[in-house]
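1. Would you be able to build a 3D model of this:
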Amino acid sequence: TPRSPIAGSILALPLLGAVQGAWGGNLFEDQTYWYLDIHSSFFTPQRDAGGLRMIPNRRTSRAAAFSKDKAPGSVRVFVLGGSVAWQYDNNPEYADGWTLQRVLGKLLPGRSIEVINCGMGAYDSYRELLVLREVLQYDPDLIVLLSGNNDAMPQAGRPGLAATASVWLGNHLGFWRRLTSRAREAPARPASRNGYLEEFEANLRAMIRESAARKVPLVVCALPRQLGVPPPLGLPLERRGFFDAWAFWERGDFASAEKAWRRYLQQQPADILGHLYLGRCLERRGAFRAATEEYRRSNAIIMQSYLRMSQVVRRVVREEDAILCDLEKAFGDASPKGRNDHLLYDSVHWFRHLDPLVSVSIARSLASRKNALPAALTASGSMDQAWLDQEGRRVASARAAREDANAESSAINWLSSGFWSAAASRRRFSEM
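-> Next up is the predicted model:
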């Protein structure tokens with residue numbers, strides 16, 4: 001299916017777990033978050049002694065309040081995206097204080113930099129487009145977009161009117177919630193197999209064009225992904241063959257699990273997790289060479305779908321003459337072994353001590369297109385290319401291992417562990 005669980009429906013679960021821990025609710029199952037909140041204003045005006053200020057008005061947002069009227073000589077930057085944007089620069093102590101604000105301050109000496117992070121956990125390109133249309137009203141000088149991880153999720157895309165109305169009625173009428181609870185779990189899906197890629201491309205083009213119409217530079221980031229390890233997908237236990245094999249696996253009967261997964265893969269040869277767990281069974285049985293081959297098959301499927309998304313980003317940016325920040329390449333270049341597995345704690349989220357690499361990469365993308373930037377970014381003088389070439393290189397250097405990064409990874413993975421509960425998955429299967 002275009003948006004199946006295996007295609008990436010739960011790619012944002014680690015960050016959703018962290019957001020859920022901070023908020024205290026079950027965010028992933030909160031239909032209001034997906035269908036209703038997106039139509040409310042991201043910021044709401046509030047007048048105080050200092051004038052009119054814009055206050056964040058969306059649950060889980062970590063955006064800072066800001067003055068409606070921009071100070072003379074300041075540069076206002078909005079960061080948009082899903083969970084990778086939400087967590088970006090969230091813990092500057094892990095990055096030695098080298099935030100995007102500080103890096104851009106070095107690149108643009110004499111300017112006051114204001115960065116407003118509007119990232120939202122699991123937001124797809126359609127929801128990011130809605131946010132972009134609002135922030136274009138707040139006199140931005142630059143927008144940074146980190147998008148492309150969540151467009152295959154079941155909740156992605158424009159919600160249908162019927163689904164939105166059903167959620168609204170469910171929030172106000174208890175009996176309606178009970179009558180329509182299952183219907184509201186299935187949003188509309190695109191008709192074609194590659195529909196989510198087509199939707200992502202259309203939304204990306206709209207964001208680039210609407211920003212250009214307002215003469216606001218948009219930096220589009222090609223996101224890094226941990227290609228060496230399969231992503232944290234939801235187990236497809238609704239498929240009987242996978243469920244039977246998983247039951248053998250949980251009991252420790254690896255010989256039976258191997259046979260069951262081989263039968264399953266005859267019917268589902270492109271199943272990522274089928275190849276992964278067949279490999280683990282073979283590994284437990286001492287067949288390491290055969291296990292490695294199954295891991296490679298699993299990774300090949302993952303890489304193919306990820307590369308398609310990255311290709312869309314690069315092609316659209318080139319055709320629309322936008323600004324590309326190739327974080328995928330930057331993370332690859334930062335890895336001495338050519339793989340970035342040790343730089344990301346799951347399939348898409350990088351450790352916080354890599355935030356300076358992201359910030360310097362954004363600064364480099366701006367410097368590479370400085371002749372095309374509006375006067376608002378260059379009016380007070382030229383960019384400090386010398387700092388970017390010398391000190392910026394040092395700031396961006398990636399370290400392969402850090403104790404605080406390992407501790408951070410453990411904490412976030414623990415927060416997301418509830419989504420991996422096999423018992424909960426079996427209950428979902430038994431209710432179908």
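2. By residue count, which helix of the protein is the longest?
-> Across the chain, the longest stretch assigned as helix under DSSP state H is helix 288-320.
3. Could you look up the next helix or strand downstream of that one?
-> Sequence-wise, the next helix or strand downstream of helix 288-320 (DSSP states H and E) is strand 323-326.
4. which strands and helices sit next to that following strand?
-> Helices and strands touching strand 323-326, as assessed by 3 or more CB pairs under 8 Å, 6 or more residues apart in numbering; DSSP states H and E, comprise strand 218-222, helix 288-320, helix 355-368. Any C-beta I mention is one placed from the backbone N, CA and C, and that applies to glycine too.
5. okay, that strand in CSV with CA atoms only?
-> The C-alpha trace of strand 323-326 is given here as CSV (Å, rounded to 0.1, in the frame of the first residue of the first chain):
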residue,chain,number,x,y,z
ILE,A,323,19.0,26.5,-2.0
LEU,A,324,20.1,23.0,-1.2
CYS,A,325,21.7,22.0,2.1
ASP,A,326,22.8,18.4,1.5
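6. buried sites along it?
-> Buried residues in strand 323-326, counted by 16 or more other CB atoms under 10 Å: 323-326.
7. Closest one of those residues to residue 388?
-> residue 325 (13.5 Å; CB to CB).
8. Surely the closest one touches residue 219?
-> Yes: the pair residue 325 / residue 219 is scored as a contact, 5.1 Å apart, by CB atoms under 8 Å.
9. can you confirm residue 346 is in a strand?
-> No: looking at residue 346 with DSSP: H, G, I helix; E, B strand; the rest coil, it is coil, so not inside a strand.
10. now it: how far from residue 295?
-> 17 Å (CB to CB, to the nearest Å).
11. swap in residue 31?
-> In this view, residue 31 and residue 295 are 36 Å apart by CB to CB.
12. Could you do residue 283 as well?
-> Distance from residue 283 to residue 295, by CB to CB: 9 Å.
13. Convert the C-alpha atoms of the helix or strand containing residue 126 to PDB, please.
-> Residue 126 is part of helix 125-135 when elements are defined by DSSP H and E. Coordinates of the C-alpha atoms in helix 125-135 are reproduced here as PDB (Å, rounded to 0.1, in the frame of the first residue of the first chain):
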ATOM      1  CA  SER A 125       5.200  18.200   4.100                       C
ATOM      2  CA  TYR A 126       1.500  19.100   4.000                       C
ATOM      3  CA  ARG A 127       1.500  20.200   7.600                       C
ATOM      4  CA  GLU A 128       4.800  22.000   7.100                       C
ATOM      5  CA  LEU A 129       3.300  23.800   4.200                       C
ATOM      6  CA  LEU A 130       0.600  25.200   6.400                       C
ATOM      7  CA  VAL A 131       3.100  26.300   9.000                       C
ATOM      8  CA  LEU A 132       5.200  28.000   6.200                       C
ATOM      9  CA  ARG A 133       2.300  29.900   4.900                       C
ATOM     10  CA  GLU A 134       1.700  31.400   8.400                       C
ATOM     11  CA  VAL A 135       5.400  32.300   9.200                       C
END
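14. Mind giving me the packing neighbours of it?
-> For helix 125-135, the packing partners by 3+ CB pairs under 8 Å, 6+ apart are strand 74-81, strand 142-146, helix 195-213.
15. which stretch among the ones you listed comes nearest residue 387?
-> When the helices and strands packed on helix 125-135 are compared by CB to CB, strand 74-81 sits nearest residue 387, at 16.1 Å.
16. that older thread, who has more neighbours out of residue 31 and residue 295?
-> residue 31 (22 against 19; other CB atoms under 10 Å).
17. Touching, the more buried one and residue 167? I think so.
-> Yes: taking CB under 8 Å as the definition, residue 31 is a contact partner of residue 167 at 4.6 Å.
18. which SS state does residue 120 fall under?
-> coil.
19. The one 3 residues further on now?
-> Following three-state DSSP, the label given to residue 123 is coil.
20. can you pull the contacts of it?
-> Counting by CB atoms under 8 Å, 6 or more residues apart in numbering, residue 123 touches 81-82, 131, 150.
21. in this structure, which spans are strands?
-> Applying DSSP state E to the chain gives strands spanning 43-48, 51-56, 66-67, 74-81, 112-117, 142-146, 218-222, 323-326.
22. which one of those strands lies closest to residue 203?
-> When those are compared by CB to CB, strand 142-146 sits nearest residue 203, at 10.4 Å.
23. The closest one pairs with which strands, and in what direction?
-> strand 74-81 (parallel), strand 218-222 (parallel) (DSSP bridges).
24. And for it, what's in contact with it?
-> Strand 142-146 has contacts (CB under 8 Å, 6+ apart) with 75-82, 84-85, 88, 100, 119, 128, 132, 135-136, 207, 211, 216-221, 223, 325, 327, 362, 366, 377.
25. let's see it at 6 Å
-> With contacts defined as CB atoms under 6 Å, 6 or more residues apart in numbering, strand 142-146 is touched by 77-81, 84-85, 211, 216-221, 362.
26. quick check: angle from that strand to helix 195-213?
-> With axes from the mean of the first three to the mean of the last three CA atoms, to 10 degrees applied, the angle from strand 142-146 to helix 195-213 works out at 170 degrees.
27. list residues touching both of residue 325 and residue 219?
-> Taking CB under 6 Å, 6+ apart as the criterion, residue 325 and residue 219 both touch 362, 365.
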